[in-house]
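Asks: heads up, no residue letters with this:
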């Protein structure tokens, strides 16, 4: 029997609505398979945690996460946090670094029934998660952003061979799993950043030798940005550094309907975190109209990743069932949220997906 110990961290605002729906959908998928056992535990995080414990990321939460296989993290808001309180921190970068979640997987997929700038898009951007212009100041003392004079600001980027190789390997594994082009494209700017981007590209090239069945090429970031807008269908799996990936993945989301359609997964050697790439949308919180797609598909990716890690065919199929259930609901367009052109609530869309899964 495949056993998984998973965490639910709802986050802020619409996270309180979309995370329970994502869990409901995952549970509906695994219920069909008797050999899958999932234990859930809800843990405090974000502003509700701050109100309750005085911390946005309590030590209790970190202690329990170390025992888990993975967890869902809902979107985190920042507007209500008091400035200057060291305990009112953004949990995202802390979790990514503490649990060595080096790779951020961000798919962009179009659906024929939804308004998109491009159809027939199905690509993944794999972004390095913990370095770039946002280094861990505890690891790299004195490196980051600083102002030597009031008239000058310096931002120092950190690129390591270790993380570059890890994120490249994640990209090649995904390309091998997908029934697509089996191609990895490394994005860089080594025409300017000869050392940083040079190290990144060299690291990707080294990993490419372990995957002779996967086509590998490189592209300068500005050229890629233009091609992504014009011909996104030409790409399969894309791998790049932190800042480039942050920008390009939002661009890719814009091609297929916006951040409401942008799922995300943070993975490392031991842990996995499902994290949709959109914000907490406080303007619609409590209205039950938030699109749960990105959170559901982030959770779906987490289940798929865990199934592959444990080589469990039933878990992999359960993840596939979520994908098929979502496809069915989006193809019918009867139970979708207002941002997708429908009138369904967040919960109604989730229930429709659960029912679609049960009929597979």
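Replies: Structure's in. What do you need? No experiment lies behind these values; they were computed from the predicted model shown. Numbers count the residues shown, from 1 in each chain.
Asks: What residues of stretch 89-100 count as buried?
Replies: 89, 91-92, 95-100 (16 or more other Cβ atoms under 10 Å). For the C-beta atoms, the positions are set from N, CA and C on the backbone; glycine is no exception.
Asks: make that stretch 3-20, sorry
Replies: Buried positions in stretch 3-20, judged by neighbour count with 16+ other Cβ under 10 Å: 4, 6-20.
Asks: average pLDDT across that stretch?
Replies: Here stretch 3-20 scores 97 as its mean pLDDT.
Asks: do stretch 269-283 as well
Replies: Averaging pLDDT along stretch 269-283 yields 95.
Asks: isn't residue 115 right up against residue 336?
Replies: No: applying Cβ atoms under 8 Å as the test, residue 115 and residue 336 come out as separate, 11.9 Å apart.
Asks: Name the residue in those two with the higher neighbour count.
Replies: Per other Cβ atoms under 10 Å, whichever of residue 115 and residue 336 has more neighbours is residue 336, with 21 against 11.
Asks: okay but that one is in contact with residue 329, surely?
Replies: Yes: using Cβ under 8 Å, residue 336 makes contact with residue 329 at a distance of 6.9 Å.
Asks: Please enumerate the shared neighbours of those two.
Replies: Common neighbours of residue 336 and residue 329, using Cβ atoms under 8 Å, 6 or more residues apart in numbering, are residue 349.
Asks: If you count neighbours, what's buried in stretch 244-261?
Replies: By 16+ other Cβ under 10 Å, the buried positions in stretch 244-261 come out as 244-246, 248-250, 252-261.
Asks: which stretches of this protein form strands?
Replies: Using DSSP state E, the strands of the chain run over 2-9, 36-42, 70-73, 103-109, 122-128, 145-149, 152-155, 183-188, 215-220, 237-240, 265-267, 272-274.
Asks: Which strands border the fourth one, and is each parallel or antiparallel?
Replies: For strand 103-109, sheet partners with direction are given as strand 122-128 (antiparallel), strand 265-267 (antiparallel), following DSSP bridges.
Asks: out of those, nearest to residue 235?
Replies: With distances scored as Cβ to Cβ, the stretch of the strands paired with strand 103-109 nearest to residue 235 is strand 122-128 (4.5 Å).
Asks: and that closest one, average pLDDT?
Replies: Rounded mean pLDDT across strand 122-128 is 97.
Asks: Next, the contact list for the closest residue to residue 336 other than its chain neighbours, please.
Replies: Closest residue to residue 336 apart from its sequence neighbours, by Cβ to Cβ, 6 or more residues apart in numbering: residue 342 at 3.6 Å. Contact analysis of residue 342 by Cβ under 8 Å, 6+ apart lists 333-336, 349.
Asks: Closest one of the buried residues of stretch 3-20 to residue 152?
Replies: Using Cβ to Cβ, residue 12 is the member of the buried residues of stretch 3-20 that lies nearest residue 152, at 35.6 Å.
Asks: Okay, helices next: where are they in the stretch 101-250 of the chain?
Replies: Secondary structure of the stretch 101-250 of the chain, counting by DSSP state H, counting those that start in this stretch: helices at 161-177, 196-208, 221-230, 242-255.
Asks: From the contact counts, what lies against the third one?
Replies: Of the remaining helices and strands, those touching helix 221-230 by 3 or more Cβ pairs under 8 Å, 6 or more residues apart in numbering; DSSP states H and E are strand 183-188, helix 242-255.
Asks: could you redo those as JSON lines and give each row mean pLDDT?
Replies: Formatted as JSON lines, the helices and strands packed on helix 221-230 follow (pLDDT from 0 to 100):
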{"stretch": "strand 183-188", "mean pLDDT": "98"}
{"stretch": "helix 242-255", "mean pLDDT": "96"}
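Asks: Distance to residue 222 added to those, as TSV?
Replies: Formatted as TSV, those follow (distance: least, Cβ to Cβ, whole Å):
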stretch	distance to residue 222
strand 183-188	10
helix 242-255	10
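Asks: Would you mind telling me which of those is nearest residue 51?
Replies: Nearest to residue 51 among these is helix 242-255 (29.6 Å), distances taken as Cβ to Cβ.
Asks: Pull the residues that contact that closest one.
Replies: Residues outside helix 242-255 that contact it (Cβ under 8 Å, 6+ apart) are 104, 106, 108, 110, 116-118, 121, 123, 125-134, 157, 187-189, 221, 224-225, 228-229, 232, 238, 240, 259, 261-262, 277.
Asks: Spit out the contact partners of the residue nearest the centre of the chain.
Replies: By Cα atoms, centre = their mean, the chain has its centre lying nearest to residue 264, at 1.6 Å. With contact set as Cβ under 8 Å, 6+ apart, residue 264 has these partners: 104-106, 274-277, 294, 298.
Asks: What of residue 36?
Replies: Listed by Cβ under 8 Å, 6+ apart, the contact partners of residue 36 are 1-2, 4, 30, 312, 314-315, 318.
Asks: Mind doing that once more with 6 Å?
Replies: Taking Cβ atoms under 6 Å, 6 or more residues apart in numbering, we find residue 36 in contact with 2, 30, 314-315.
Asks: Among those residues, which one is most surrounded by other residues?
Replies: Using other Cβ under 10 Å as the neighbour test, these are led by residue 315, with 25 neighbours.
Asks: what's the pLDDT at the closest residue to that one other than its chain neighbours?
Replies: Take residue 315 and drop its neighbours on the chain: the residue closest to it by Cβ to Cβ, 6+ apart is residue 307, 3.2 Å away. The model reports residue 307 with a pLDDT of 96.
Asks: what number of residues lie near residue 307?
Replies: For residue 307, the tally of surrounding residues (other Cβ under 10 Å) stands at 21.
Asks: That one against residue 316, yeah?
Replies: Yes: at 3.9 Å, residue 307 counts as touching residue 316 under the criterion of Cβ atoms under 6 Å.
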